[in-house]
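> Here's my sequence, what's the structure:
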Amino acid sequence: MDFTAQKIGRVFFDYSDYISFIIQGTTMEQYAIKGGNPLVGEVEIGGAKNAALAILAAAIMTDETVVIENVPDVRDTNVLMQAMESIGVIIQRIDRHTVKINASQINDLIIEDDYIKKIRASYYLLGALLGKYRKAEVALPGGCNIGLRPIDQHIKGFRALGADVRIEHGLIITETKQLRGNHIYMDVVSVGATMNVMMAAVMADGQTVIENAAKEPHVVDLANFLNSMGANIKGAGTDVVKIRGVAKLHGTEYGIIPDQIEAGTFMFAAAVTKGDVTVKNVIPKHLESISAKLLEIGCEVEESDDAVRVVASKPLGHTHVKTLPYPGFPTDMQPQITVTLGLSAGTSIVTESIFENRFKYVDELTRMGANIKVEGNTAIIDGVGKYTGASITAPDLRAGAALVIAGLSADGITTIDDIKYIERGYEDFHLKLQGLGAQIDRIATDREMQKFKLKVG
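Have a look, this model is predicted:
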């Protein structure tokens, strides 16, 4: 079915039509932005995409029903659930952000759905299926092209638990007769490998110890979720995680933590537009490295129990930042702070220590008037007085969101192509920005562009 032809005013015939449309996207759709409005008001932050992807996969590790709340309605989560349904998992949407999952009828351990190749989190199904069934075959993952993200630590962990792992015909194939706990030292801090090995180990015989484990909030959230299903995991959030294997897991009801990266994106949007924004439904502790940098460049940051307010009433100053594993400054916030520092007085330096290919958006930002020089994994930023609107393209998820922020502060109109990347991880991004006073629309035709120009004057 041609969904672009069959939809009328975004009303779809049924939910599966809607999901297919969301997953496929359309190449024409863009964001049109008229910059210059300070963002003011409150914005509600959704569930953490990176936690949701692992938790959705882990939900298949029991035959009992699992209810998960605060699931973000974004392309990545929808793709993953579609892949889970393709092997017999029964998924029911109770509402937009609550799903009921029953995996008692799984009929296949091979996942090579065309869409699943497009998201990085497909590999979480390896750990979940290996842990439950001792066998899994999953298409090699895709996701944003921000640099090499090898799966060698995942493979090392599975092998340490006694599994055979090989790659054939574009699939990662892993199987074993028995999983046994083991002592595993991660050569590098890897969020994905920590979570994947944790899932595989929860039903292994004996104890598994993961050293040099990732400490990110979504690692803790997955451990809490698995523990609510009867797993025995201790130490999540530290660099040593201990897992005592259990015979089986049971059903549960669980709510996903708020998304620290979505929250951070709106915090920097407030800074760039000289606004006053309160981000609600957050865990301020998860945002400390972001808040610290905003304070350093001259913003006011007020924390309460579950909200953070950012006010940018003074000219911004320069700083240096280096991305690091949690609790350091997140690599997923690097493009947003670079956009902000591009409008800050003086010279700033941003060093990317996680991914080697994460400055691709700088060319697009330069088209808007930024003065940034990239040398290897370092960006040297000389602040400019303003950005100017331009036609640009989102190269990946977080860079795309950062370019939207740049457009919100720019003189004139900015159009951003390839917004499918942004919609992988941000729910209702343009609508939430509109709620803060931004002049931004999602457009698909020249006629809609003309309407937007008339509307914004």
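> Just the element for L130, please.
Taking DSSP states H and E as the definition, L130 sits inside helix 124-133.
> Paired strands for the helix or strand just after that helix, with orientation please.
Downstream of helix 124-133, the next assigned helix or strand under DSSP H and E is strand 135-139. Here strand 135-139 has these sheet partners by DSSP bridges: strand 110-111 (parallel), strand 171-175 (antiparallel).
> okay, those strands in CSV with mean neighbour count and distance to M449 next?
All C-beta spots, glycine's among them, are computed from the backbone N, C-alpha and C. Shown next, in CSV, are the strands paired with strand 135-139 (neighbours: other CB atoms under 10 Å; distance: least, CB to CB, whole Å):
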stretch, mean neighbour count, distance to M449
strand 110-111, 18, 39
strand 171-175, 20, 43
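> I'd like the distance between the closest residue in space to I283 that isn't next to it in sequence and K285.
Nearest non-adjacent residue to I283, counting by CB to CB, 6 or more residues apart in numbering: P258, 6.0 Å away. P258 is 11 Å from K285, where distance means CB to CB, to the nearest Å.
> More neighbours: those two, which one.
The neighbour comparison of P258 against K285 (other CB atoms under 10 Å) goes to P258, with 24 against 11.
> can you pull the contacts of the more buried one?
Counting by CB atoms under 8 Å, 6 or more residues apart in numbering, P258 makes contact with 45-48, 70, 281-283, 286.
> what about 7 Å?
Each residue near P258 by CB atoms under 7 Å, 6 or more residues apart in numbering is listed here: 45, 47-48, 281-283.
> Kindly indicate which of the residues you listed lies nearest Q334.
A48 (18.0 Å; CB to CB).
> Who are the contact partners of the closest residue to the closest one other than its chain neighbours?
With sequence-adjacent residues excluded and distances taken as CB to CB, 6+ apart, A48 is closest to D259, at 4.1 Å. Contacts of D259 were listed using CB under 7 Å, 6+ apart, and they are 45-49, 72.
> Closest to D63 out of these?
The closest of the contacts of D259, once distances to D63 are taken by CB to CB, is G47, at 24.8 Å.
> residue contacts, that closest one?
Contacts for G47 (CB under 7 Å, 6+ apart) come out as 70-72, 97, 256, 258-259.
> make it 10 Å
Applying CB atoms under 10 Å, 6 or more residues apart in numbering, one finds that G47 lies in contact with 55, 68-74, 77, 97, 221, 255-259, 262, 281, 427.
> in stretch 216-236, what's buried?
In terms of neighbour count (16 or more other CB atoms under 10 Å), stretch 216-236 has its buried residues at 216-227, 229-231, 233, 235-236.
> Also stretch 195-210?
In terms of neighbour count (16+ other CB under 10 Å), stretch 195-210 has its buried residues at 195-204, 208-210.
> Contact partners for V240?
For V240, the contact set (CB under 10 Å, 6+ apart) comprises 209-213, 234.
> And those, which two are furthest apart?
Pairwise over these, using CB to CB, the maximum falls at N212 and K234, 16.4 Å.
> Over to the residue nearest to I283: give its phi and psi.
Per-residue torsions, P258: phi -70, psi 160 (degrees, to the nearest 10).
> Report the separation between it and Q82.
For P258, the distance to Q82 (CB to CB) stands at 25 Å.
> With S289 instead?
For S289, the distance to Q82 equals 34 Å [CB to CB].
> quick revisit: can you list the helices and strands that the helix holding L130 packs against?
For helix 124-133, the elements it packs on are helix 49-58, helix 75-86, strand 110-111, strand 135-139, helix 152-160, strand 171-175, helix 191-201, judged by 3 or more CB pairs under 10 Å, 6 or more residues apart in numbering; DSSP states H and E.
> Return the set of buried residues in that helix.
Residues of helix 124-133 classed as buried by neighbour count (16+ other CB under 10 Å): 124-132.
> next one: stretch 449-456
Neighbour counts over stretch 449-456 (16+ other CB under 10 Å) mark 449, 452, 456 as buried.
> which of the residues you listed lies closest to K274?
V456 (18.7 Å).
> In contact with the closest one, which residues are there?
Taking CB under 10 Å, 6+ apart as the test, what V456 contacts is 32-37, 413, 439-441.
> let's go with 6 Å and repeat that
V456 makes contacts with 34, 439, as judged by CB atoms under 6 Å, 6 or more residues apart in numbering.
> and what of F225?
Counting by CB under 6 Å, 6+ apart, F225 makes contact with 55, 254.
> what's the span of stretch 182-202 from first residue to last?
Criterion CA to CA, to the nearest Å; first-to-last residue distance in stretch 182-202 is 12 Å.
> likewise stretch 303-322?
Here the two ends of stretch 303-322 are set 24 Å apart, with distance taken as CA to CA.
> do stretch 241-249 as well
OK, stretch 241-249 end separation, CA to CA: 19 Å.
> Surely A213 forms part of a helix?
No - per DSSP: H, G, I helix; E, B strand; the rest coil, A213 lies outside any helix segment and is coil.
> D396 reaches Y421, doesn't it?
Yes - between D396 and Y421 a contact is recorded at 5.5 Å, counting by CB atoms under 6 Å.
> quick one on the thing from earlier: between the helix holding L130 and helix 152-160, how big is the angle?
Counting by axes from the mean of the first three to the mean of the last three CA atoms, to 10 degrees, helix 124-133 lies at 10 degrees to helix 152-160.
> What average pLDDT does helix 124-133 get?
Mean per-residue pLDDT for helix 124-133: 97.
> Also stretch 217-227?
For stretch 217-227, mean pLDDT is 98.
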